[in-house]
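Asker: what's the 3D shape of this:
(2 chains)
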Amino acid sequence: MALSKTPYRGTRDFFPTEMRLRNYIFKKMAEVSELFAYEPYDGPLLEEVELYLAKSGEELINDQIYSFTDRGDRHVAIRPEMTPTVARMVAQIHREVAKPLRWYSIPNLMRYEKPQKGRLREFWQYNADIFGAGQYGEVEIIQMAVKLIQSFGATHEHFEVLINDRRFVDLVFTKLIGLEENLTKKLYKLVDKKNKMDPAKFSNEVKAITSDESKALIFEEFVSLISTGDITKFVTKYSADSLAEVAPLISLFEKFTEQGLAEYVKFDPSIVRGLDYYTGVVFEIFDKHPENRRAIAGGGSYANLLQIFNEPALEGVGIGLGEVPLKEFLHSHNLSPDFSKPELDYLVAYLVPEGEKPAMSLAQSLRESGHKVELYFGEAKPKKIFSYSEKKNFASVCFFGEEELKNDEVKVKDLKRRTEQTIKVKEFIEGKR
RNA sequence: GUGACCGUAGUUCAGUCGGUAGAGCGCCAGAUUGUGAUUCUGGUUGUCGUGGGUUCGAGCCCCAUCGGUCACCCCA
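Answerer: Next up, the predicted model:
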């Protein structure tokens, strides 16, 4: 029976065309990270499931994790996210390294999901984390993420960073509204749907959950907040002595303004994020394209992740940016360069058998001067050489025919300009050094 | 996990009322014995996703199953 040629569901084969795009994207990620003095790291593909049990979200553990029991009866998972791994690594060395600690990585992750647009089972995710920097870290991570997306040619017209703070959310839910935890979760599910529902129905459902008219009103007022000015007024109105608790969020936005990021960032009370380890600022970067409204990146501050390793608290701020939604984003705004063909410098060919030796040595010399060179195997007619070089997108073709061989010459044709010259082989090589 | 649509040549797709399987692109060769994006000529290509059912007869109808795409959910 024949085996299937298609890759496992939700995974991809990266043919050279796709690999060029991937390399282009990964290179930008590394370049921008290093401009901000972030260092590369990586961890294992497998981790013990326990690592995720403590602080990742319920859905991620129960429904989305790939796990198995190894020969030593250990419960093992393919990493579904990188943050627990970084935290584990940082927990080993944080006492002895200079802080803040800035690290980035581009791991492949797997989640058992039903594949669809912008979401697969195996994907690569850019991760950057900064430890021990407090609010400066939040500003820097978002500044760097903006820079990264800008490096692909995008501007504030294409994307925005939506920001919230779990401390503010907790203040509203526990102090101002006074709800039990399971009710707050229900309320939040509703927030996400707010834009898709009509306002009256939304109000009714809020009332149903809070079972209290005045609490429902506070909640509705909260979800309609759109600026830091609104936040201050809102908190002053209901609990003036809690203003200190929203001060970090307010000052964060002030810093963004100072950094010239005002047109990229926006307060949005609906951003909560599913991962349980976030304790402070949370954010998601959204595509503004009306047909591709989705998060391409997400992150936030987590203060307590090192405690699961019995280490003292060390605040981290991290971001994860998926390569799959990033490609959708670039595609939706026409920002994806054409990688359908390779970029190669020279095809070296010969028309007669006597050309083999000079062709081989010319190819070798050109490689030594740093050019990408392919030697055409066997003698061939010009027509074949040229149509082949066209398909493989060579910049130039060098070839040896009877006439060239007589005079130690080579014919070099520039395929883009459609110009050609006959030149002494020695002279040609000299010119390329 | 729920729902919708789709599976035919390497690829993109057509296939009427159920009656022996088609086109474009690609690939190979030639027109053109030393010049590539055009043109022309010839050639190459199938377990119609898989299994079962209905029928004299199924690519087409029915059931199941697998796969793909998309939406919901959630997120990167």
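
Asker: who in the stretch 51-200 of chain A is up against RNA strand B?
Answerer: When proximity is defined by CB under 7 Å from any atom of the strand, the stretch 51-200 of chain A lies next to RNA strand B at A:57, A:59, A:111, A:113-121, A:123, A:125, A:189, A:192-193, A:196. Quick note: C-beta positions are derived from backbone N, CA and C, even for glycine.

Asker: Buried ones from the residues you listed, can you make that a PyMOL selection?
Answerer: Here is the PyMOL selection string for the buried members of these, based on 16 or more other CB atoms under 10 Å:
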select buried, chain A and resi 57+111+118+119+120+121+123+125
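
Asker: what's the neighbour count on the closest residue to A:Ser203 other than its chain neighbours?
Answerer: Of all residues not flanking A:Ser203 in the chain, A:Glu220 sits nearest, at 6.4 Å (CB to CB, 6 or more residues apart in numbering). Around A:Glu220 there are 16 other residues, counting by other CB atoms under 10 Å.

Asker: pretty sure A:Arg111 contacts A:Asn62?
Answerer: No - look at A:Arg111 against A:Asn62 with CB atoms under 8 Å: they stay out of range, at 11.9 Å.

Asker: Find residues that contact each of the two.
Answerer: None of the residues lies in contact with both A:Arg111 and A:Asn62 under the rule CB atoms under 8 Å, 6 or more residues apart in numbering.

Asker: out of the residues of the stretch 51-200 of chain A next to RNA strand B, which are inside strands?
Answerer: In strands, judged by DSSP state E, the following of these are found: A:Phe123, A:Gln125.

Asker: Closest approach to RNA strand B from chain A, which residue is it?
Answerer: Using CB to the nearest atom of the strand, A:Gly274 is the residue of chain A that sits closest to RNA strand B, at 2.2 Å.

Asker: Can you tell me the SS state at that residue?
Answerer: In terms of secondary structure, A:Gly274 is coil; the call rests on DSSP: H, G, I helix; E, B strand; the rest coil.

Asker: From what I see, it and A:Leu60 are in contact.
Answerer: Yes - at 7.1 Å, A:Gly274 and A:Leu60 qualify as touching, with contact defined as CB under 8 Å.

Asker: Looking at these two, which one has more neighbours?
Answerer: When A:Gly274 and A:Leu60 are compared on other CB under 10 Å, the one with more neighbours turns out to be A:Leu60, at 16 against 11.

Asker: what sits against the more buried one?
Answerer: Contact criterion CB under 8 Å, 6+ apart gives A:Tyr52, A:Pro80, A:Glu81, A:Arg111, A:Gly274, A:Leu275 as the residues in contact with A:Leu60.

Asker: quick one: secondary structure of A:Asp129?
Answerer: Applying three-state DSSP to A:Asp129 yields a three-state assignment of strand.

Asker: Can you name the residues bridging to it?
Answerer: With DSSP bridges applied, the residues forming beta bridges to A:Asp129 are A:Trp103, A:Gly318.

Asker: Could you pull up the contacting residues of it?
Answerer: Neighbouring residues of A:Asp129 by CB under 8 Å, 6+ apart: A:Thr83, A:Val86, A:Val90, A:Leu101, A:Arg102, A:Trp103, A:Tyr104, A:Ile141, A:Gly316, A:Val317, A:Gly318, A:Ile319.

Asker: Save those as CSV, and put in pLDDT too.
Answerer: Conversion of those to CSV gives the following (pLDDT from 0 to 100):
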residue, pLDDT
A:Thr83, 94
A:Val86, 96
A:Val90, 96
A:Leu101, 97
A:Arg102, 98
A:Trp103, 98
A:Tyr104, 98
A:Ile141, 97
A:Gly316, 95
A:Val317, 96
A:Gly318, 96
A:Ile319, 96
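
Asker: Looking at those residues, which one is closest to A:Gln135?
Answerer: Closest to A:Gln135 out of these is A:Val317 (8.8 Å), distances taken as CB to CB.

Asker: Now the spatially closest residue to the closest one that is not a sequence neighbour: which helix or strand?
Answerer: Sequence neighbours aside, A:Gly137 is the residue nearest to A:Val317 in space, at 4.0 Å (criterion: CB to CB, 6+ apart). Assessed by DSSP states H and E, A:Gly137 sits inside helix A:134-150.

Asker: can you give me phi and psi for A:Val161?
Answerer: Note on A:Val161: its backbone torsions stand at phi -110, psi 120 [degrees, to the nearest 10].
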